[in-house]
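>>> everything below, folded, please.
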Amino acid sequence: MEDMVCASCHKGLSLEEIERGSFKHLGGRVYCADCVAKMRRVGPTVCSQCGVQDTPLYNGKTYVCRKCGAEVGRKEQATAAKAAPAKTIRKPVKKCPYCGALLAAEALKCRYCSSLLTREAHELDRVGGQNSRLRFWVGCLLSATAFLLIFLVYVLTRGPAETPPAAVTAPQPPPAPTIDKATHEADQERIKELSRQIELMQKRLAFLEAERVALREQPVPPIPRTPAREPSITKAVEPPPKAPVAPEPVKEAAKAVAAPPKEATKAPPDVTPSPTPPSPPPTKMAANPPSKAVEPVKATPAEVAAAAAAYPALEAKLKDLKANRRYGEAIAACRLYLAAHAGTPQGDRVQADQSALRADLERIIDDHVRRFREAMGKGDPEAARRALAGLVAYEAPEARDARDHMLAQLKEAGQRTSGDEAKYLAQWEAPPNVARLLGDLKTEKEWEQRAHAAKELDRLRHRAALGGLIDALKDPEWYVVTRAAEALANIGDPIALPHIAPLAQAPHPAISDTAAKACRTLAGASRETQADAWKLVDTKKVAAGLAEALKVSGKDESKVISRYQIYLVDALASLGVKETAPVIRSILESKDPDVRKAAGLALKKLTGEDMPAEPPRKAPEETKAPINATPPPPAGKEFVPVRFPEKAAP
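Predicted coordinates for the structure are as follows:
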């Protein structure tokens, strides 16, 4: 059998292709499946060999007749294409009665409006709806059946039902105890005693309420050095003040007006009383005539004894409260004692003690208020805060009112300072590049971008960036804070000094060290060229914060701490606050000579003190002891060295 070869591509056909029949005979020639697939259809053409008009096949090179396989020329194809008119097959169509669209004649449903077109379609849709409802109810029934079966299995597999616990009976109340007659009488006596105590307390409360009402009705006079109050119910228990020495006739007339003598009532009618001089006018009588509205409280002997017994404890308590500056509690204790022991000699003493306490408290308040006003007048808020702190230690309502007023003045002064600072920072207009960097420093989420913005602002050193860099000191990332502090120090405006100084006490060493260095740079700014900024800086407050940081740092010794201390000492020396000299003097005991030198120069600048010359130190002689040397033996004991066996040479 000869090998079969494709007439188009001259490719030999394998036995598998022959067995599968993957070839085709066309006009006595054999074509493979690939060439047959590549052949393209053309218009109907009349074959010149067999005379059959059909569409020839293209074998990749020429067109061949489908029947005989003869080649068909192009001219014949062109004439056939012109001769054979194109046939158009028209399918039957119909219109949708609902939307008017053209549809195929056999269509059951409109594809545009989804309307059913025939009765069979309506029937199929109805049957489909019934089937869907049937499937839904069947599913529900099967689900309920499955749940019921699971419940039955659970009930059957469960153990026997537990017997309910026995009913709990409520406890019976105990039988009423029998009351003895003696016990009943004792209880009645206790009840009477409690009733008497309640009546006494009610009287005391009524007394205090009357005193409060009387004090409320009085006009409040200005507080003088020695307060002079109008007589009230509490004054009624005081002994009447002594009247000025008057002539004998005036005294007799006053006695006659106050209380007539008993002998006059017992005299017979025919006996005329002795003539008395005419009574003087009311203006020349005693200064404080006895009041008829309020009668003096007369204390019983038992109350006098109780007041005498309670007075030593009250005296000790008043002394303790006065030592602890608790004047409010001391005055309240006096008031309670007077309410309980009115009309006794001890009550008069307590009344005098209460007046003395009030006068002492007023003197203290006046002194602190005067110091506060002087400090505010000089523009020294730190001294004003010290005066306020001294008054805070006294606990009394009067002192509380003065403290609130002083605190309000301090807040108002602080707000005025912050407003002046905002005006100072807003006087420079930011260029476009500085404004863009300030926006990045404030709004960027990545700390690397914020740190880069602070670094670029440090390179530009424009004063319009002061406000943004001061706000960046509160950034949560320490690296951004250090970059902002360095930028503020390089700009050199001392307005940033109060904001950087608190960072010198930061727990992070990088922040505290950078802040101390920046404070040294800003404290050395010129007072002449930067006069407007220095007016807004509270140097005493800044120096107090730096001194506190220096005091805390004196506990450790290292190169980093020594450098940190030098920064702080130089900053304090530049600020020129003499109150920080004791803190700087304590650094003179440092082991680092550079720290001692910086402290000495700062003290000389602040107070004029000269640092004592240090004796020259000898360099320690280095004595190298042999490696195998043994220590000297202790005193009184012979030392026996331990010899280790020598290792054998390898």
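>>> in the stretch 551-650 of the chain, which spans are helices?
Here the stretch 551-650 of the chain has its helices, by DSSP state H, counting those that start in this stretch, at 559-575, 581-586, 593-606.
>>> I'd like those as TSV, with mean pLDDT appended.
Formatted as TSV, these follow (pLDDT from 0 to 100):
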stretch	mean pLDDT
helix 559-575	90
helix 581-586	88
helix 593-606	88
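>>> which one of the ones you listed lies nearest to Q354?
Using C-beta to C-beta as the measure, helix 581-586 is the one of the helices of the stretch 551-650 of the chain that comes nearest Q354, at 42.3 Å. For glycine as for every other residue, the C-beta is placed from the backbone atoms N, C-alpha and C.
>>> need the residues that contact that closest one.
The contact list for helix 581-586 (C-beta atoms under 8 Å, 6 or more residues apart in numbering) reads 547, 550-551, 554, 569, 572-573, 599, 602-603, 606-607.
>>> for those, which one is nearest H405?
Proximity of the contacts of helix 581-586 to H405 was ranked by C-beta to C-beta; the top entry is A547 with 30.2 Å.
>>> turn the helices of the stretch 551-650 of the chain into JSON lines, columns for mean neighbour count and distance to C96.
Formatted as JSON lines, the helices of the stretch 551-650 of the chain follow (neighbours: other C-beta atoms under 10 Å; distance: least, C-beta to C-beta, whole Å):
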{"stretch": "helix 559-575", "mean neighbour count": "22", "distance to C96": "92"}
{"stretch": "helix 581-586", "mean neighbour count": "17", "distance to C96": "101"}
{"stretch": "helix 593-606", "mean neighbour count": "18", "distance to C96": "103"}
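>>> quick check: which of the ones you listed is nearest to S143?
Taking C-beta to C-beta, helix 559-575 is the member of the helices of the stretch 551-650 of the chain nearest to S143, at 76.7 Å.
>>> now do the closest one and helix 593-606, the angle between them.
Between helix 559-575 and helix 593-606, the angle comes out at 10 degrees (axes from the mean of the first three to the mean of the last three C-alpha atoms, to 10 degrees).
>>> make 293 the first number, not 1, from now on.
From this message on, residue numbering opens at 293, which makes the last subject helix 851-867.
>>> any idea which helix or strand carries Y323?
Y323 belongs to strand 321-324 when assigned by DSSP states H and E.
>>> for that strand, which strands pair with it and how are they oriented?
If you go by DSSP bridges, strand 321-324 pairs up with strand 315-318 (antiparallel).
>>> now the strand it pairs with: average pLDDT?
The average pLDDT within strand 315-318 is 75.
>>> list the buried ones in that strand?
Counting neighbours by 16 or more other C-beta atoms under 10 Å, one finds that the buried residues in strand 315-318 are 315-316, 318.
>>> what bridges to H317?
Here H317 sits in beta bridges with V322, as judged by DSSP bridges.
>>> measure it to L699 for me?
116 Å (C-beta to C-beta, to the nearest Å).
>>> what of E311?
For E311 relative to L699 (C-beta to C-beta), the value is 111 Å.
>>> higher neighbour count, those two?
Per other C-beta atoms under 10 Å, whichever of E311 and L699 has more neighbours is L699, with 13 against 8.
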